[in-house]
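Q: build me a model:
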Amino acid sequence: MSAAQLRGKAAFIGAATFGCGEAPGYTAMELAAEAGRLAVEDAALKLSDIDGLFICLPNDFLSGLTIAEYYGIHPKMTNNSRTGGSAFLTHAEWAMLALDAGLIDYALICYGSNQRTGAGKLVSAQAPSPFEFPYRPNNPVASYALAASRHMHEYGTTSEDLASVAVAARQWANLNPEAFKQGPLSVEDVLATRLVADPLHVADCCLVTDGAAAVVLTRADRAKDAKKTPISLLGAASATWHTEIAQLADLSVSAAKESGERAFAQAGLTPSDIDVVNLYDAFTINTILFLEDLGFCPKGEGGRFVASGAISPGGSLPVNPNGGGLSFCHPGMYGLFTLVESIRQLRGEAGERQIAGAKLALAHGNGGTLSNQATCILGLPETV
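A: As a prediction, the model looks like this:
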């Protein structure tokens, strides 16, 4: 079977978030489990219906086993493979394959973290590089700062362009009652925050929050009977180019170029077809790189594109209407939240931030230091 033949064979029928911002007293597992329970409830299913579990947690490398025991269920399949924050979009890709093969009937993908009230800081699961560590980089921000610096050198991108990404995210967050960070934010405000790793300021960096998210998938034939509008998975692809940023051949191009091309090919769509975009914006440079590499603007034009207001409310391309990792939440790994927001937008459940008439959405996850990229394209049933 070719990748294109998998188009629309699986659909999302449940989605939920829980504990976004601060959730004192909860463990990472408890947060993930509650988000999962809510997503199963949203799908009008019982936990006992779930026979495929996909999860990875910041502090439990056997989390697939732990959550099965926590729920008291006996799934046919568990998967807690990690590619960083993109893991959950790769889980959707694997769930699509398992569902189509008839190995499982209902897949639950979930994640939770209490990094804010637990650790109080961003915790990395990546082993330090023996080649980079001697230089004492302040990772992960230092690695992304290298990419930002290179993009500036190659294409004339400015700190003001980067700041425009954070400003757009805040404008969207102000429309999302669940967003952790709200209030006014200007380009000047961003540039006035402390420099963390030149050229990235504090406001160029993602939040450190608690939070959890979950989605439920099933085969298209079962999805027809879902309580809510099923959201078809039209394309899914991932790509890994390196683990250490020093091994990225061109710091201004990410593996999103490859994952995006394959996901669009599977979906039979182009970037111009997409109504709403949800990107993993751990740092402001991410949004610029991914918009370019996924084909939403030419390479080198990303800075000017975001500075034009194109991705802000009222702009030509809605990007991260929930506020993203920069203003909504970022509990260690953000990728699953891009899927939840895409589903909510296509269902028409996004409230004041709803994109009118949205039929197609792109969700994109990033793992490591621009190391792994994963792209999913979602659509209403009429788009299959």
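Q: could you report the neighbour count for the residue nearest to Glu341 when sequence neighbours are not counted?
A: Leaving aside its sequence neighbours, Glu341 sits nearest to Asn322 (C-beta to C-beta, 6 or more residues apart in numbering; 4.4 Å). Yep, even glycine has a C-beta here, placed from its N, CA and C like the rest. When neighbours are defined as other C-beta atoms under 10 Å, Asn322 has 27 of them.
Q: touching, Asn322 and Val277? I think so.
A: No. Counting by C-beta atoms under 8 Å, Asn322 does not reach Val277; the two are 11.7 Å apart.
Q: packing partners for the helix or strand Phe18 falls within?
A: If you go by DSSP states H and E, Phe18 is part of strand 10-21. Applying 3 or more C-beta pairs under 8 Å, 6 or more residues apart in numbering; DSSP states H and E, one finds that strand 10-21 contacts helix 28-42, helix 87-100, strand 210-219, helix 220-223, strand 231-240, helix 335-347.
Q: run me through the strand neighbours of that strand, direction for each.
A: Next to strand 10-21 in the sheet, as set by DSSP bridges, lie strand 210-219 (antiparallel), strand 231-240 (antiparallel).
Q: chain center to the first one: distance?
A: For strand 210-219, the separation from the chain centroid amounts to 12 Å (computed by C-alpha atoms, centre = their mean, to the nearest Å).
Q: and it, average pLDDT?
A: Across strand 210-219, pLDDT averages out at 98.
Q: how about stretch 291-301?
A: 98.
Q: can I assume Leu217 is in contact with Trp94?
A: No. Applying C-beta under 8 Å, one finds Leu217 not in contact with Trp94, separated by 10.4 Å.
Q: mind checking which of those two has more residues around it?
A: Applying other C-beta under 10 Å to Leu217 and Trp94 shows that Leu217 carries more neighbours, namely 29 against 18.
Q: who does that one form a beta bridge with?
A: Applying DSSP bridges to Leu217 gives these bridge partners: Phe12, Ala107.
Q: for it, which residues are in contact?
A: Ala10, Ala11, Phe12, Ile13, Ala92, Ala95, Met96, Leu99, Tyr106, Ala107, Ile109, Leu233 (C-beta atoms under 8 Å, 6 or more residues apart in numbering).
Q: tell me the one of the residues you listed nearest Glu160?
A: Ala92 (35.5 Å; C-beta to C-beta).
Q: how many neighbours does the closest one have?
A: By other C-beta under 10 Å, 27 other residues sit near Ala92.
Q: okay, now the unreliable bits of the chain?
A: 1, 122-126 (pLDDT under 70).
Q: swap in 80 and give it another go.
A: 1, 119-133, 135 (pLDDT under 80).
Q: which residue is nearest the middle of it?
A: Gly335 (2.5 Å; C-alpha atoms, centre = their mean).
Q: mind checking the SS state of the residue of the chain positioned farthest from its centre?
A: Taking C-alpha atoms, centre = their mean, the residue of the chain most remote from its mean C-alpha position is Pro134, at 31.1 Å. Three-state call for Pro134 (DSSP: H, G, I helix; E, B strand; the rest coil): helix.
Q: same question, Leu289
A: At Leu289 the chain is in helix, as set by three-state DSSP.
Q: state the number of residues packed around it.
A: There are 27 residues near Leu289, going by other C-beta under 10 Å.
Q: you'd agree it is up against Leu370?
A: Yes. With contact defined as C-beta under 8 Å, Leu289 reaches Leu370; the gap is 7.4 Å.
Q: between these two, which contacts overlap?
A: Common neighbours of Leu289 and Leu370 (C-beta under 8 Å, 6+ apart) are Ala147, Ser254.
Q: so Ala163, which state does it fall into?
A: Criterion first, three-state DSSP; result for Ala163: helix.
Q: and it, how many neighbours does it have?
A: Neighbours of Ala163 using other C-beta under 10 Å come to 25.
Q: just the element for the closest residue to it other than its chain neighbours, please.
A: Leaving aside its chain neighbours, Ala163 sits nearest to Val190 (3.7 Å; criterion: C-beta to C-beta, 6+ apart). In this structure, Val190 sits in helix 187-192 according to DSSP H and E.
Q: tell me the buried residues in that helix?
A: For helix 187-192, burial by neighbour count (16 or more other C-beta atoms under 10 Å) applies to Val187, Asp189, Val190, Leu191.
Q: any chance of TSV for the residues you listed, columns distance to Ala265?
A: Below are these laid out as TSV (distance: C-beta to C-beta, whole Å):
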residue	distance to Ala265
Val187	37
Asp189	41
Val190	36
Leu191	40
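Q: nearest to Val40 among these?
A: Using C-beta to C-beta, the buried residues of helix 187-192 come closest to Val40 at Val190, 39.3 Å.
Q: let me know whether Ala68 touches Leu53 as I believe.
A: Yes. Counting by C-beta under 8 Å, Ala68 touches Leu53, with 5.8 Å between them.
Q: comparing the two, which residue is more hemmed in?
A: Remark: of Ala68 and Leu53, Leu53 carries more neighbours, 27 against 16, as counted by other C-beta under 10 Å.
Q: beta partners for that one?
A: Applying DSSP bridges, one finds that Leu53 bridges with Thr78, Leu108.
Q: quick one: contacts for the residue nearest to Asp281 when sequence neighbours are not counted?
A: Distance criterion C-beta to C-beta, 6+ apart; nearest residue to Asp281, sequence neighbours excluded, is Gly324 at 4.3 Å. Counting by C-beta under 8 Å, 6+ apart, Gly324 makes contact with Ala169, Trp172, Ala173, Asn278, Leu279, Asp281, Thr287, Tyr334.
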